[in-house]
Structure formats: structure tokens, C-alpha cells
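[1] Any chance you can model this:
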Amino acid sequence: MILNDYYRQVSLPAGLLHIYASPSLYEALDYKVLEMANNNLQIPNNQYMSYTPDVHVGVGTCIGTTAVWSMDDGYVSPSIVGSDIGCGMRVHLTNVHRDELKEVKLRRKLVKAIEKVLPVEDHTRGHFSDIRLESIVTKGLHGLPKKYIPDGYTPRKATALTHVERSKFQVDAEVLNRFPDSVWHRSHRQLGTLGNGNHFAEIQAIEIAEENREVAEAWGMFDGQVAVMIHSGSRAWGGSVNQYCSTEIAKLMKRSGLGTADPKLLYAPLSEEAAQTYVELMYSALNYAVVNRHLIAYAIREAGREVFGSKFEMTTLYDLMHNYAWEEKHEGRSCLVHRKGATRALPPGHPDNPQPYRETGHPALIPGSMGTASYIMVGRPGGSDNYYSICHGAGRIRSRSATKRLVTLDEFASSLRVGTDEEIVVNQRSLESILDESPQAYKDVDQIIESVVGAGLAGVVAKCKPLATVKGA
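    Take a look at the predicted model:
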């Protein structure tokens with residue numbers, strides 16, 4: 001059933017699927033996304049399931065999924081959270097104008113300064129060995145030593161602990177005893193590191209959308225402002241949580257006779273101990289993820305000061321996640337809302353907005369692909385129909401292997417405007433090593449944003465154009 005140009009309901013054998021996408025994006029969907037939705041809807045007692053316009057096939061569940069169960073008789077699914085638990089976005093605003101980074105040579109200098117403080121090789125140790133990992137996974141940002149909260153000494157101007165979706169999840173330390181020393185060691189080494197794949201840190205220039213200029217200025221933004229966008233997750237800690245809990249839940253499913261046509265779709269009733277353990281450990285990974293992004297930003301701030309001097313500022317605009325499940329209230333009901341590759345975008349006045357954003361709604365951070373713009377959005381009241389979920393990015397249209405076969409290095413270099421004054425500087429010595437992350441591997445982010453706006457889920461506050469990108473190897 002087509003309800004408007006950007007929203008339709010699809011009746012599947014197992015239940016109703018809501019899809020937010022323009023006609024062209026909908027027509028281009030792989031039939032497998034409907035197969036996966038039908039499997040997901042076979043999990044008992046489902047209350048709602050939807051896809052955002054960036055939806056694409058994942059393991060067990062599509063990336064771009066929102067799925068909801070009641071806290072009373074519901075289920076939790078590691079497959080509908082994803083393996084990189086707590087993966088998400090962070091944006092910092094600087095006091096630098098894009099004109100100060102006009103020269104390609106200076107953008108290269110900034111990228112090199114960032115590489116000194118932000119490890120990009122996957123097995124390289126981070127620079128934060130003095131931080132206790134147990135404090136991080138049990139207390140989130142509140143477990144950090146004070147020296148890593150740079151604005152903690154000016155409480156009235158502080159944004160590090162307040163301008164975030166969640167700064168802390170309560171975790172019982174006893175549940176962490178399930179992990180061997182090797183997991184603790186590897187996870188500790190990776191604090192403050194990007195990881196590889198589609199993770200990045202990007203230097204961007206802001207262009208404010210005129211219709212939301214008042215909101216942008218209330219958030220401290222101005223045209224031409226240089227911003228830092230970060231995309232990373234919970235690294236080895238989240239991976240270990242996912243591996244351990246997936247094994248335990250698979251055992252439970254086998255004992256209980258649970259399952260669908262997809263053996264990779266894992267789920268358990270919330271009443272079961274395996275489910276409760278997963279939720280608790282998942283929260284520890286969410287704590288790790290928000291701290292990891294915070295420490296990446298801390299390192300980039302130090303690099304910025306090396307290039308621009310001690311007056312360089314980098315205040316937190318917002319930090320949010322797009323892979324998780326947590327309890328929310330909707331129309332007075334307690335629900336467990338899963339988002340896998342979906343972003344929560346609350347409208348002005350919603351009580352779940354962090355205090356600094358109560359009146360305006362919080363920033364919703366949507367990255368593009370390499371070489372394309374990213375977006376900062378704000379939720380609209382109509383988003384309540386979709387549990388306030390919007391897209392999380394552009395969404396892949398090609399696998400990594402297919403991208404390497406079909407996209408040439410010249411096409412990739414052209415996308416990055418290599419050799420021109422507008423070159424988007426990339427830290428990798430060879431574009432071949434990150435060819436699978438070229439923009440040709442992704443949907444057109446502008447079409448994704450058009451669908452979200454057209455559906456009345458969110459509005460654009462600013463467009464962020466890339467100046468330089470740091471990728472993990």
C-alpha cells in the first residue's frame with residue numbers, strides 16, 4: 001500500500017513492513033531485503049518493523065532496520081543490533097573557517113598531524129594506556145580520568161558529557177567476568193582508534209540550510225565553519241560481546257525449538273537469562289563506543305592545536321549511535337527498540353532530548369560516502385510514526401568485491417577531485433587500498449535525505465562538505 005511518495009506498507013506472509021523511500025529507491029531494492037524482513041517478522045510478538053531509505057542486506061537483518069517489541073513479552077536480537085554494537089557518529093564544531101584550510105598543502109599538514117595521534121593501522125595500539133578499561137565499560141564517559149574531559153574545567157561551557165545521546169549505561173561489573181584476559185587486552189589497546197571498513201574521521205565545511213538557520217545558530221554553527229565528523233564503534237569489545245552472546249543465544253534457540261528460515265537470525269525472549277546477559281553486555285559495548293569516539297576527538301583536537309595553535313577549539317555538537325537496542329517509552333508503553341543502521345531523530349520538545357537540546361531537538365548526524373556531503377538533521381513530529389528512526393548514511397549498493405571489480409582508480413580519484421584546488425585529501429598513500437569505500441559503492445546520499453525529508457521524519461539543518469578524510473587501514 002502506497003501512502004505517499006516516500007512511504008509505503010508492504011504486506012508479507014509474516015507481517016507488515018513499513019518502508020520509507022522514494023519510488024526510485026524503492027524500485028531499486030534487492031528482493032533479499034523483503035526475504036530478510038519476512039524472517040525478522042517471524043520473531044514472536046513483534047509490534048513494528050520498518051526500513052529506512054538506505055536499507056541494504058546484512059547478516060540476519062538488513063542495515064536500515066527498526067524493530068520493536070514490548071518489554072513485557074518481547075524479544076531481543078543480536079542480529080537486529082549488529083556485530084559492531086554502538087557504532088555511531090560524532091560531530092565537533094571548531095572555531096576555524098574553511099578559508100583557513102583553502103590550501104591543499106595545509107589540509108595535508110592537518111591530516112599528517114592527525115595520523116601522529118590517531119592510529120590508522122588496525123593492530124596499532126592507541127595512545128590511552130593509562131585509562132582503566134573496566135571503568136569505561138561500566139561507567140561510559142564518566143569513567144574517564146578528568147584530563148580527558150578537556151572542557152571539564154569550564155562547567156558552564158562544557159559539552160563533553162551533556163551533548164551526547166547517552167553518556168553512561170548502567171552495567172553490573174560481575175557480568176564482565178565472562179571474558180578472558182585476551183579480550184580485555186585487545187580492547188584496551190584499541191581505545192581511541194578508528195578501525196577499518198567504513199569508519200573514518202573527516203574534516204568538513206558547514207553550509208547551513210536557510211529554512212533551519214535559527215536552529216543551526218542556536219547549536220553554535222555558522223556558514224563555512226570547519227567541523228570534525230567521526231564514525232566508529234566498539235571495536236574488539238563489541239565484537240567479543242556479539243560473538244559470546246550469539247553463541248549462547250544460538251544454544252538457547254536450539255534447546256527451545258526457536259528459529260526461522262535464516263539460521264543467522266538470532267533472538268531470545270527477554271525473560272531468558274541469555275537475553276538479559278546480552279542486554280547487559282551490549283550496554284557495556286555502548287559505553288565503550290561512546291568513549292572510543294570521544295577519545296578519537298580528543299586526539300584530533302591535539303592535532304588541530306599543533307596546526308592552528310593553542311586557541312584552536314573543538315566543542316562537542318553531538319554523539320549518537322545507530323546499532324543498538326534499548327528501552328523507550330512510546331505512547332505510554334515501554335518498548336525495546338532495535339536500530340541496526342538507523343538513527344534516532346527526536347523533534348523539538350520531546351522529553352528524551354538531552355537537556356541542551358530540549359527546545360530545538362538534537363542534531364541527527366548522517367554521513368555521506370567518501371567524496372560526497374554529509375548532513376546534520378533534526379527530527380520532526382511526524383517521526384513518531386517510525387519510532388523517530390531515520391537513515392544512518394548512504395547505504396551500500398555494491399559489495400566490497402564488486403566495487404573493486406567495477407570501479408576504476410581514475411573514477412575514484414575523480415570523485416575526490418585529486419589534483420585540483422578542491423581535492424579532498426585522504427591519508428591513505430594508495431587509493432587502491434580503500435577503493436571498496438569509493439562513493440560508487442554507495443547510494444546517492446542526497447536521494448536518501450530527500451526521502452527522509454519528504455516522509456516528514458526530519459529536516460536538514462546543515463550540509464557538510466568534505467575537505468579531508470582519515471581512514472583506517
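[2] hmm, which helix or strand of the chain has the shakiest average pLDDT?
    strand 2-4 (a mean of 69; mean pLDDT, DSSP states H and E).
[3] C-terminal to that one, what's the next element?
    The first helix or strand that comes after strand 2-4 along the chain, using DSSP states H and E, is strand 7-12.
[4] can you tell me the average pLDDT over that following strand?
    Averaged over strand 7-12, pLDDT sits at 97.
[5] tell me the contacts of residue 326?
    Applying C-beta atoms under 8 Å, 6 or more residues apart in numbering to residue 326 gives the contacts 283, 336-337. Every C-beta, even on glycine, is put in place using the N, C-alpha and C of the backbone.
[6] Mind telling me which residue is nearest the centre of this protein?
    residue 88 (2.2 Å; C-alpha atoms, centre = their mean).
[7] Go ahead and confirm that one touches residue 291.
    No: under the criterion of C-beta atoms under 8 Å, residue 88 makes no contact with residue 291, lying 11.8 Å away.
[8] any idea which helix is longest in the chain?
    helix 273-308 (DSSP state H).
[9] which is the next helix or strand following that one?
    Immediately after helix 273-308, counting by DSSP H and E, sits strand 314-321.
[10] low-confidence ranges in the protein?
    1-3, 122-124, 152-157, 429, 473 (pLDDT under 70).
[11] quick one on the thing from earlier: what is the orientation angle of the longest helix of the chain with strand 314-321?
    160 degrees (axes from the mean of the first three to the mean of the last three C-alpha atoms, to 10 degrees).
[12] List the buried residues for helix 273-308?
    Applying a neighbour-count criterion of 16 or more other C-beta atoms under 10 Å, one finds 274-275, 277-304, 306-308 buried in helix 273-308.
[13] Can you give me the neighbour number for residue 390?
    30 (other C-beta atoms under 10 Å).
[14] does it really touch residue 346, like I thought?
    No: contact criterion C-beta under 8 Å: residue 390 and residue 346 do not qualify, at 10.4 Å.
[15] Need the residues touching each of these two.
    By C-beta under 8 Å, 6+ apart, the residues touching both residue 390 and residue 346 are 379, 383.
[16] show me the residues around residue 319 that make contact.
    88-90, 163-165, 290, 293-294.
[17] ok so, going back, for residue 51, state which of the contacts of residue 326 is nearest.
    residue 337 (14.8 Å; C-beta to C-beta).
[18] The closest one in helix, strand or coil?
    The three-state assignment at residue 337 reads strand, by DSSP: H, G, I helix; E, B strand; the rest coil.
[19] My guess is it contacts residue 66. True?
    Yes: if you go by C-beta under 8 Å, residue 337 and residue 66 touch, sitting 6.8 Å apart.
[20] What residues of stretch 253-267 count as buried?
    253, 258, 260, 262, 265-267.
[21] can you check stretch 439-455 too?
    439-445, 447-455.
[22] before we move on, what about stretch 4-13?
    6-8, 10, 12.
[23] wait, which of the contacts of residue 326 is closest to residue 29?
    residue 337 (22.9 Å).
[24] Show me which strand runs longest in the protein.
    strand 458-471 (DSSP state E).
[25] now that strand and strand 314-321, what's the angle there?
    Using the same axes, to 10 degrees: strand 458-471 against strand 314-321 is 110 degrees.
[26] Strand 458-471 pairs with which strands, and in what direction?
    strand 200-208 (antiparallel), strand 374-379 (antiparallel), strand 425-426 (parallel) (DSSP bridges).
[27] Looking at these, which is nearest to residue 115?
    strand 200-208 (10.3 Å).
[28] May I have the closest one exported as CSV, CA atoms only?
    The C-alpha coordinates for strand 200-208 follow below in CSV (Å, rounded to 0.1, in the frame of the first residue of the first chain):
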residue,chain,number,x,y,z
PHE,A,200,36.5,7.5,9.3
ALA,A,201,37.3,10.9,10.8
GLU,A,202,36.6,13.7,8.4
ILE,A,203,37.3,17.4,8.2
GLN,A,204,34.2,19.2,6.8
ALA,A,205,32.9,22.6,6.0
ILE,A,206,29.3,23.6,7.0
GLU,A,207,26.7,25.0,4.8
ILE,A,208,23.6,26.0,6.8
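[29] On the C-terminal side of that strand, identify the next helix or strand.
    helix 213-218.
[30] buried set for the next helix or strand after that next one?
    Following helix 213-218 in sequence order, the next helix or strand is strand 225-232 (DSSP H and E). Burial within strand 225-232, assessed by neighbour count using 16+ other C-beta under 10 Å, is assigned to 225-232.
[31] Same question for stretch 389-406.
    Of the residues in stretch 389-406, those buried (16+ other C-beta under 10 Å) are 389-398, 403.
[32] ok now do the spatially closest residue to residue 54 that is not a sequence neighbour, which residues does it touch?
    Once flanking residues are discounted, residue 54 sits nearest to residue 395: 2.9 Å by C-beta to C-beta, 6 or more residues apart in numbering. For residue 395, the contact set (C-beta under 8 Å, 6+ apart) comprises 53-56, 63-64, 341, 442-443, 448.
[33] do you know how far residue 319 is from residue 91?
    8 Å (C-beta to C-beta, to the nearest Å).
[34] Equivalent analysis for residue 325, please.
    Residue 325 is 24 Å from residue 91, by C-beta to C-beta.
[35] Repeat that for residue 363.
    Taking C-beta to C-beta, one finds residue 363 at 7 Å from residue 91.
[36] Mind listing the shared neighbours of the two?
    Counting by C-beta under 8 Å, 6+ apart, the residues touching both residue 363 and residue 91 are 317-318, 376.
[37] In space, what's closest to residue 259 - neighbours in sequence excluded?
    The nearest residue in space to residue 259 (C-beta to C-beta, 6+ apart) is residue 253, at 5.7 Å.
[38] Settle this for me: that neighbour is touching residue 263, isn't it.
    No: here residue 253 lies out of contact with residue 263, judged by C-beta under 8 Å, at a distance of 9.3 Å.
[39] tally of neighbours for the residue nearest to residue 87 when sequence neighbours are not counted?
    Leaving out its chain neighbours, the residue that sits closest to residue 87 by C-beta to C-beta, 6+ apart is residue 233, at 3.2 Å. A count of nearby residues for residue 233, using other C-beta under 10 Å, gives 28.
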